[in-house]
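[1] Compute the structure for the input listed below.
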Amino acid sequence: MARILIVEDDPFFAEVLACTLRLEGHDTTVANNADEGVRIGLVARPEVVIADWLLRSAMNGGEVCRRIRAAWPRIKTIIITGHQELVSEAGRCCSHAGAVIAKPFHKEEILDAVQAALMHEALPPLVKIFDPNCQERILQPVC
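    Predicted coordinates:
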């Protein structure tokens with residue numbers, strides 16, 4: 001189905017997540033730190049990157065995704081975090097993320113997020129514009 005890069009510094013959690021995704025037919029690669037995640041992401045060009053927000057490095061998961069997307073802008077990203085209070089911060093900092101999910105999560109949550117990210121690829125890219133007449137943001141396809 002899809003090539004997925006998991007950037008997670010907890011080896012046990014990374015392996016459980018990778019196995020869950022493999023059972024659904026996805027091809028998974030695990031990076032256990034931020035630098036390895038960027039390196040693999042730039043070479044392997046996954047379709048989806050799932051990155052932990054708080055990694056044991058100077059770089060967080062959002063920065064890992066930003067660096068990979070700088071080279072491959074069509075890559076979809078999902079941020080996961082073990083800190084419920086950081087969900088909104090991660091969402092604000094990672095506007096490119098298709099989802100921000102707090103751990104622990106049910107397998108259906110991550111599978112739904114991956115499916116939504118992959119389905120989004122089939123849609124035309126959208127851009128938010130401001131319409132001064134109606135004072136709200138409108139999504140329009142980019143042609």
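[2] can you pull the contacts of the closest residue to residue 7 other than its chain neighbours?
    Using CB to CB, 6 or more residues apart in numbering and skipping the chain neighbours, the partner closest in space to residue 7 is residue 37 (3.4 Å). Placement of C-beta: from N, CA and C, glycine included. By CB atoms under 8 Å, 6 or more residues apart in numbering, the contact set of residue 37 is 5, 7, 31, 49, 51, 55, 64, 68.
[3] Kindly supply the ChimeraX command isolating those of these that are buried.
    To isolate the buried members of the contacts of residue 37 in ChimeraX, using 16 or more other CB atoms under 10 Å:
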select :5,7,31,49,51,55,64,68
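[4] among the contacts of residue 37, which are in helices?
    Of the contacts of residue 37, the ones assigned to helices by DSSP state H are 64, 68.
[5] got a markdown table for the contacts of residue 37, with pLDDT too?
    Converted to a markdown table, those look like this (pLDDT from 0 to 100):
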| residue | pLDDT |
| --- | --- |
| 5 | 97 |
| 7 | 97 |
| 31 | 96 |
| 49 | 95 |
| 51 | 93 |
| 55 | 87 |
| 64 | 93 |
| 68 | 94 |
